[in-house]
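J.: Please find the sequence and the predicted model below.
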Amino acid sequence: MPRRRATTRQPVLERLVLPDLEEAEARQLAAQQSHDGLRLVGADLTGADLTGATLAECELIDVTAHTTVLQHARLIETRIQRLHAPVLDATRSTWRDVELSGSRIGALDVYDAEIRSTRITGSKFDWINLRSSTLEDVLFEDCSIDELDLGGITASRVAFVGCRVGSLALPHARLEDVDLRGLEIGAIGNLEGLAGATLDTRQVIDLAPALAGHLRIRVEG
């Protein structure tokens, strides 16, 4: 039997360095098209259909994206700052080497997505649906999430730092080196999904009654 590692592996992330970018407008983006080296500042993408679009080495700053459709889209080496999106559909999308910061997103649907080498910082979410997604080398830092659904995910080297979540769901999750020590958790469902996660002593103590109930352990003084 292989020996378990003594420490949890952390996400491996490199600083995103973008080339000189071309100033662009929202109307230049289109579904099923590739867009390289663009900078959009203050653009309004409300209602835009960007299904299957690729954004590579792009920067989006102060962009509004309410009900924008990013299904099957590819975000590659892209920086997004201060995104405002009450509802954003990014199901089955691909994120690689992405930085998302200072954003306010209501419902973020990233079901069945592939998210790698991504840093999400200083952002607030009402709901994130990551069901059946693959996460590798992902860092959440200083984020607030009301509801986080990780059902059926496959996650490796994922960490939370200075974050809080109101409700966490983990049905059928497959976790490896998922560090939850920096995540304040209000309520958690599907405790069996915690296998492969790292918790601190305080979190384990807080979860003890729920774990006892889940395992049908009788605790008597």
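T.: Looks like it arrived, so ask away. Residues are numbered from 1 along each chain as shown.

J.: Where does pLDDT dip in this protein?
T.: Along the chain, segments meeting pLDDT under 70 span 1-6, 212-220.

J.: what about 80?
T.: Scanning the chain with the threshold set as pLDDT under 80 gives 1-6, 207-221.

J.: What segments of it are helices?
T.: Remark: helices of the chain, listed N- to C-terminal, are 201-214; assignment by DSSP state H.

J.: distance between the ends of stretch 74-89?
T.: Here the two ends of stretch 74-89 are set 13 Å apart, with distance taken as C-alpha to C-alpha, to the nearest Å.

J.: and that stretch, how far from the chain's centre?
T.: The gap between where stretch 74-89 is centred and where its chain is centred comes out at 11 Å by C-alpha atoms, centre = their mean, to the nearest Å.

J.: Can you name the residues that contact residue 182?
T.: Neighbour list for residue 182: 159, 160, 161, 162, 163 [criterion: C-beta atoms under 8 Å, 6 or more residues apart in numbering]. Any C-beta I mention is one placed from the backbone N, CA and C, and that applies to glycine too.

J.: tell me the two of these that are most distant?
T.: The two members of these with the most space between them (C-beta to C-beta) are 159 and 162, at 10.7 Å.

J.: And for residue 199, the neighbour number?
T.: Taking other C-beta atoms under 10 Å as the neighbour definition, residue 199 ends up with a count of 17.

J.: nearest spatial neighbour of it, skipping sequence neighbours?
T.: The shortest distance from residue 199 to any non-neighbouring residue, by C-beta to C-beta, 6 or more residues apart in numbering, is to residue 180 (5.6 Å).

J.: Go ahead and confirm residue 74 touches residue 93.
T.: Yes - under the contact definition of C-beta atoms under 8 Å, residue 74 touches residue 93, with a separation of 7.0 Å.

J.: Count residues in the vicinity of the residue nearest to residue 199, would you?
T.: When neighbours are defined as other C-beta under 10 Å, residue 180 has 22 of them.

J.: Please apply the same query to residue 150.
T.: By other C-beta under 10 Å, 26 other residues sit near residue 150.

J.: now the one 10 residues further on
T.: Counted with other C-beta under 10 Å, residues neighbouring residue 160 total 24.

J.: got the contact list for the closest residue to it other than its chain neighbours?
T.: Residue nearest to residue 160 in three dimensions, not counting chain neighbours: residue 183, with 3.8 Å by C-beta to C-beta, 6+ apart. Contacts here follow C-beta under 8 Å, 6+ apart; on that basis residue 183 touches 140, 160, 163, 164, 165, 168.
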